[in-house]
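Visitor: Using only what follows, build the 3D model:
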Amino acid sequence: MTDLKQLAQEIFPDELVTHFPVRVLDLPDGAGKFALISMDNGFDHTKPTTFGPAGLAELGAALDQVEGLAAAGEIAAAGVTGKPFIFAVGADLKGVGVIQNREQALAIGRAGHDAFRRIRNLPVPTFAFYNGAAMGGGVEIGLACDYRTISSAVPALSLPECFLGLVPGWGGCTLLPNLIGPDKAVTVILENALNQNKQLNGPKAFELGIADVLLEPADFLAESLRWAAKVVRGDVTVERAEFDRGEGWDKAVETGTFIADMKVAGASPAPYRALAIIDAARSGDVDAGFALEDEALADLIMSDELRAGLYAFDLIQKRAKRPAGAPDRSLARQVTKVGVVGAGLMASQLALLFARRLGVPVVMTDIDQERVDKGVGYVHAEIDKLLAKKRMSRDSANRYKALVTGSLTKDAFADADFVIEAVFEELSVKQQVFAEVEAVVSAECVLATNTSSLSITDMASKLAHPERVVGFHFFNPVAVLPLLEVVRAEQTDDASLATAFAVAKQLKKTAVLVKDAPAFVVNRILTRFLGEVLAAVDEGTPIEVADKALAPLGLPMSPMVLLELVGPAIAAHVAETLHGAFPDRFGVSENLARVVKAGKRSFLTWASGAPEVDAEVTALMEVGSSPSTADEVRARALAALATEIRLMLDEGVVQAAQDIDLCMITGAGWPFHLGGITPYLDREGIAEKVTGKRFLEPGVASVA
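Guide: Numbers count the residues shown, from 1 in each chain. Purely as a prediction, here's the structure:
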């Protein structure tokens with residue numbers, strides 16, 4: 001038996017301890033007494049309940065009490081529930097990050113199992129009342145019970161461990177497939193976790209069979225106890241499904257393996273360890289399954305992959321909410337009206353976003369009425385789609401439509417506090433636009449540009465008030481990708497920058513402060529990356545070889561699919577911009593230029609349903625006679641990334657390497673399981689080999 005109190009003192013003295021008070025309640029209709037354990041760390045829902053070693057020790061003490069009541073015949077049933085809005089969100093990840101050796105990791109895994117096993121072994125029926133958010137170990141303590149109720153208002157229930165680089169290791173991999181079947185368990189444990197930690201709500205969790213009954217939130221506890229009383233009295237019998245433990249189970253594991261290969265391509269061990277335990281769970285031997293979970297937890301907790309995943313999680317949860325280098329938020333000015341210059345697709349997406357998130361009037365302008373009408377029409381059509389999907393009420397839809405209007409004259413911006421341009425990517429055009437806007441707006445109106453690569457300083461250079469200009473670079477699709485690069489030009493003042501960050505927060509975007517440097521962060525890194533792949537193709541490497549070279553990293557898409565998403569013309573334009581700034585490192589592919597000139601939108605064709613090299617593109621190309629292998633292309637591209645990131649940090653493009661990782665995760669979909677780009681380059685030894693030193697200190701995103 002693990003000495004949890006000693007372990008808590010040794011490795012996690014700063015634990016926010018969860019308490020487990022026991023109340024003995026009367027079940028309705030004379031069904032007997034019920035021992036209810038409430039999980040509560042003493043704070044409101046903004047600090048969710050977690051499990052650390054000291055908390056598990058307190059759970060053990062609570063179970064001592066419940067076991068005594070059961071042995072004495074003083075209770076007919078027992079159960080667990082959470083504090084308002086929170087059931088429990090599992091192991092305290094801050095504690096996981098400070099575990100020093102495998103023995104401690106193994107002890108933590110066993111401690112959770114020991115506590116939850118005691119719930120399973122109670123001699124009375126046991127119940128979990130999922131009253132609020134439940135994740136990881138919070139879900140698993142419920143799985144240890146005989147029965148589960150869930151509130152229809154539960155916003156989030158998940159087993160996110162594989163997303164971070166762990167496995168559901170306190171019973172999830174063993175108990176869930178035996179409760180809901182291996183297919184559904186693979187969906188929850190693998191597919192949802194690896195799909196950006198997709199959450200279940202209360203109704204969906206009930207539909208999957210994780211909970212036995214769905215109840216309304218208003219009187220959830222009372223109704224849960226009423227239902228428990230019916231079970232205790234025998235008025236309600238819960239039937240459990242039987243599952244095919246042969247070929248059907250095999251097929252579920254095969255599906256899980258396919259999902260893991262698609263998402264991480266072997267670059268993260270966690271989903272494969274989870275699948276191995278799910279596979280073994282078909283035997284129904286719970287203790288054997290728990291032992292496998294213990295070993296997997298011990299191995300994974302002491303892996304660099306998990307520490308990198310925790311590092312990425314910390315970036316999203318903390319650094320993203322407190323942008324490094326941003327001015328004091330008290331300097332921000334209020335924004336009561338927004339202007340959008342342009343009415344094309346990007347401008348229309350921006351207008352919709354500003355209207356929905358800020359709830360203020362948004363006016364769009366363009367050079368003719370047809371374009372203006374098309375832009376406003378796009379916004380209205382998107383609102384109608386949200387209404388049809390019941391993601392918006394009729395009143396809200398009408399209100400948002402009324403907020404977005406169009407105009408042929410920039411005089412409509414006279415009372416705007418924030419104007420953003422999204423016009424053709426040409427410096428002279430943008431300079432002219434800003435001059436026209438400055439002539440009609442107030443002296444304090446912020447002028448923002450959505451440019452992807454042009455100099456903000458140059459754009460503002462001819463204005464009377466260049467200090468009001470900021471870069472506000474969104475990523476496409478605007479509604480999906482969280483990143484917003486907020487660019488400070490040479491003369492941008494603190495008030496304008498603070499206003500930009502305040503607006504970004506209202507837009508619910510991850511804002512990162514970026515220096516006014518060519519292509520900023522994401523586009524500069526991706527252009528260098530794509531440039532090396534295209535250079536290898538130009539030298540004679542077959543397109544399909546170059547395109548698959550980065551597959552072992554588990555990137556969200558291959559280089560050629562990325563090129564198609566960006567668009568060859570845009571990619572070529574950014575490459576030319578960067579070639580002008582850094583001609584020794586950024587080339588301009590002649591073959592890419594040929595593809596653009598021919599009007600082709602991709603190097604690939606999807607005619608067969610899968611991506612294949614377009615024969616028409618191949619016919620356009622002129623290549624050399626020095627092909628590379630996939631390994632050589634990958635090594636070349638990663639070395640170039642390490643070089644470019646080091647230069648960007650030396651130039652002060654961002655505050656720290658953490659900001660590079662935050663940008664790449666939220667703006668380019670760089671795999672979360674790799675921890676971002678710099679931990680990967682450190683872990684593979686590429687950073688030291690190419691630049692002479694690591695990007696991050698040992699222990700920041702690694703074990704040591």
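Visitor: And the helices in the stretch 51-200 of the chain, which stretches?
Guide: Remark: helices assigned in the stretch 51-200 of the chain by DSSP state H, counting those that start in this stretch are 53-71, 93-96, 102-120, 137-143, 161-164, 172-180, 182-186, 193-194.
Visitor: Look through the protein and tell me its longest helix.
Guide: helix 630-651 (DSSP state H).
Visitor: need the next SSE after it, C-terminal direction.
Guide: helix 657-668 (DSSP states H and E).
Visitor: So, low pLDDT: which residues of the stretch 601-704 of the chain?
Guide: Along the stretch 601-704 of the chain, no part satisfies pLDDT under 70.
Visitor: tell me, which of the helices of the stretch 51-200 of the chain is the model least confident about?
Guide: Of all these, mean pLDDT reaches its minimum on helix 93-96 (a mean of 82).
Visitor: Just confirm residue 591 is within a helix.
Guide: Yes - assigned with DSSP: H, G, I helix; E, B strand; the rest coil, residue 591 falls within a helix.
Visitor: Run a quick check on it versus residue 624, I expect a contact.
Guide: No - in this structure residue 591 lies outside contact range of residue 624 using Cβ atoms under 8 Å: 10.5 Å. Backbone N, C-alpha and C define where each C-beta goes, glycine included.
Visitor: could you list every residue that touches the residue nearest to residue 53 when sequence neighbours are not counted?
Guide: Excluding the flanking residues, the one nearest residue 53 by Cβ to Cβ, 6 or more residues apart in numbering is residue 8, at 4.0 Å. Contact analysis of residue 8 by Cβ atoms under 8 Å, 6 or more residues apart in numbering lists 15, 52-54, 57.
Visitor: Kindly report the same for residue 77.
Guide: 27, 31-32, 34-35, 124-127, 228, 231-232.
Visitor: Next: residue 629.
Guide: Residue 629 neighbours (Cβ under 8 Å, 6+ apart): residue 545.
Visitor: at 7 Å what do you get?
Guide: Listed by Cβ atoms under 7 Å, 6 or more residues apart in numbering, the contact set of residue 629 is empty.
Visitor: Next: the one 5 residues further on.
Guide: For residue 634, the residues meeting the contact criterion (Cβ under 7 Å, 6+ apart) are 549-550.
Visitor: Looking only at neighbour counts, state which of residue 591 and residue 624 leads.
Guide: More crowded of residue 591 and residue 624, by other Cβ atoms under 10 Å: residue 591, with 18 against 12.
Visitor: Can you give me the distance of the more buried one to residue 324?
Guide: Using Cβ to Cβ, to the nearest Å, residue 591 is found at 39 Å from residue 324.
Visitor: again with residue 571
Guide: Distance from residue 571 to residue 324, by Cβ to Cβ: 29 Å.
Visitor: Which one's more surrounded, the two?
Guide: Just comparing residue 571 and residue 324: by other Cβ under 10 Å the higher neighbour count belongs to residue 571, 24 against 13.
Visitor: Am I right that residue 472 sits in a strand?
Guide: Yes - read with three-state DSSP, residue 472 is one of the residues of a strand.
Visitor: list the contacts for residue 484?
Guide: Contact partners of residue 484, counting by Cβ under 7 Å, 6+ apart, are 472-474, 504, 509-511.
Visitor: Next: residue 661.
Guide: Contacts of residue 661 by Cβ under 7 Å, 6+ apart are 312, 315, 676-678.
Visitor: 8 Å - rerun?
Guide: When contacts are counted by Cβ under 8 Å, 6+ apart, residue 661 is found next to 311-312, 315, 670, 675-679.
Visitor: same deal with residue 299?
Guide: Counting by Cβ under 8 Å, 6+ apart, residue 299 makes contact with 102, 269, 273.
Visitor: May I have the phi/psi pair for the nearest residue to the second one once chain neighbours are set aside?
Guide: Meaning residue 269. With Cβ to Cβ, 6+ apart as the criterion, residue 269 has its nearest non-adjacent residue at 6.4 Å, and that residue is residue 305. Phi and psi for residue 305, reported as degrees, to the nearest 10, are phi -60, psi -40.
Visitor: Residue 305 against residue 271, yeah?
Guide: No - with contact defined as Cβ under 8 Å, residue 305 does not count as touching residue 271 (11.0 Å).
Visitor: Return the member of the contacts of residue 484 nearest to residue 694.
Guide: residue 510 (24.6 Å; Cβ to Cβ).
Visitor: Spatially central residue in this structure, please.
Guide: residue 196 (4.7 Å; Cα atoms, centre = their mean).
Visitor: Return the distance of that residue relative to residue 481.
Guide: Residue 196 sits 11 Å away from residue 481, going by Cβ to Cβ.
Visitor: list residues touching both of the two?
Guide: Overlap of the contact sets of residue 196 and residue 481 (by Cβ under 8 Å, 6+ apart) is empty.
Visitor: helices and strands of the chain: which one has the lowest mean pLDDT?
Guide: Counting by mean pLDDT, DSSP states H and E, the chain has its least confident helix or strand at helix 4-11, which shows a mean of 76.
Visitor: Just say helix, strand or coil for the closest residue to residue 405 other than its chain neighbours.
Guide: Sequence neighbours aside, residue 363 is the residue nearest to residue 405 in space, at 5.2 Å (criterion: Cβ to Cβ, 6+ apart). Local secondary structure at residue 363 is given as strand here, using three-state DSSP.
Visitor: Check the burial of residue 363 by counting its neighbours.
Guide: 23.
Visitor: ditto for residue 590
Guide: 13.
Visitor: Quick check, it in contact with residue 538.
Guide: Yes - using Cβ under 8 Å, residue 590 makes contact with residue 538 at a distance of 6.8 Å.
Visitor: how near is the nearest residue to residue 147 once chain neighbours are set aside to residue 252?
Guide: With Cβ to Cβ, 6+ apart as the criterion, residue 147 has its nearest non-adjacent residue at 4.9 Å, and that residue is residue 127. Noted for residue 127: a distance of 28 Å to residue 252, by Cβ to Cβ.
Visitor: Low-confidence bits of this structure, can you list those?
Guide: For the chain, the ranges with pLDDT under 70 are 1-2.
Visitor: For stretch 103-119, give me every contacting residue.
Guide: Against stretch 103-119 from outside (Cβ under 8 Å, 6+ apart): 1-2, 4, 7, 10-11, 51, 53, 56, 59-60, 63, 67, 80, 91, 95-96, 99, 126, 137, 140-141, 144-145, 169-171, 290, 293-295, 297-298, 301-302.
Visitor: out of these, which are buried?
Guide: 2, 4, 7, 11, 51, 53, 56, 59-60, 63, 67, 80, 91, 95-96, 99, 126, 137, 140-141, 144-145, 169-171, 290, 293-295, 297-298, 301-302 (16 or more other Cβ atoms under 10 Å).
Visitor: name the element residue 387 belongs to?
Guide: Using DSSP H and E, residue 387 sits in helix 369-388.
Visitor: do the same with residue 530
Guide: Under the criterion of DSSP H and E, residue 530 resides in helix 522-538.
Visitor: Show me what that helix is packed against.
Guide: helix 543-548, helix 559-566, helix 568-581, helix 590-597, helix 630-651, helix 657-668 (3 or more Cβ pairs under 8 Å, 6 or more residues apart in numbering; DSSP states H and E).
Visitor: Could you check the angle that helix makes with helix 590-597?
Guide: With axes from the mean of the first three to the mean of the last three Cα atoms, to 10 degrees applied, the angle from helix 522-538 to helix 590-597 works out at 110 degrees.
Visitor: relative orientation of helix 522-538 and helix 568-581 in degrees?
Guide: With the same axes, to 10 degrees defining the directions, helix 522-538 sits at 100 degrees from helix 568-581.
Visitor: Now helix 522-538 - C-alpha only, PDB.
Guide: Taking C-alpha atoms only, helix 522-538 is exported to PDB below (Å, rounded to 0.1, in the frame of the first residue of the first chain):
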ATOM      1  CA  VAL A 522       3.600  30.900 -38.800                       C
ATOM      2  CA  ASN A 523       3.900  31.900 -42.500                       C
ATOM      3  CA  ARG A 524       7.600  32.400 -42.100                       C
ATOM      4  CA  ILE A 525       8.100  28.900 -40.600                       C
ATOM      5  CA  LEU A 526       5.700  27.200 -43.000                       C
ATOM      6  CA  THR A 527       7.300  28.900 -46.000                       C
ATOM      7  CA  ARG A 528      10.800  27.800 -45.000                       C
ATOM      8  CA  PHE A 529       9.400  24.300 -44.400                       C
ATOM      9  CA  LEU A 530       7.600  24.200 -47.800                       C
ATOM     10  CA  GLY A 531      10.500  25.800 -49.500                       C
ATOM     11  CA  GLU A 532      12.800  23.000 -48.600                       C
ATOM     12  CA  VAL A 533      10.300  20.400 -49.700                       C
ATOM     13  CA  LEU A 534       9.800  22.200 -53.000                       C
ATOM     14  CA  ALA A 535      13.500  22.600 -53.500                       C
ATOM     15  CA  ALA A 536      13.900  18.800 -53.100                       C
ATOM     16  CA  VAL A 537      11.200  18.300 -55.800                       C
ATOM     17  CA  ASP A 538      12.900  20.900 -58.100                       C
END
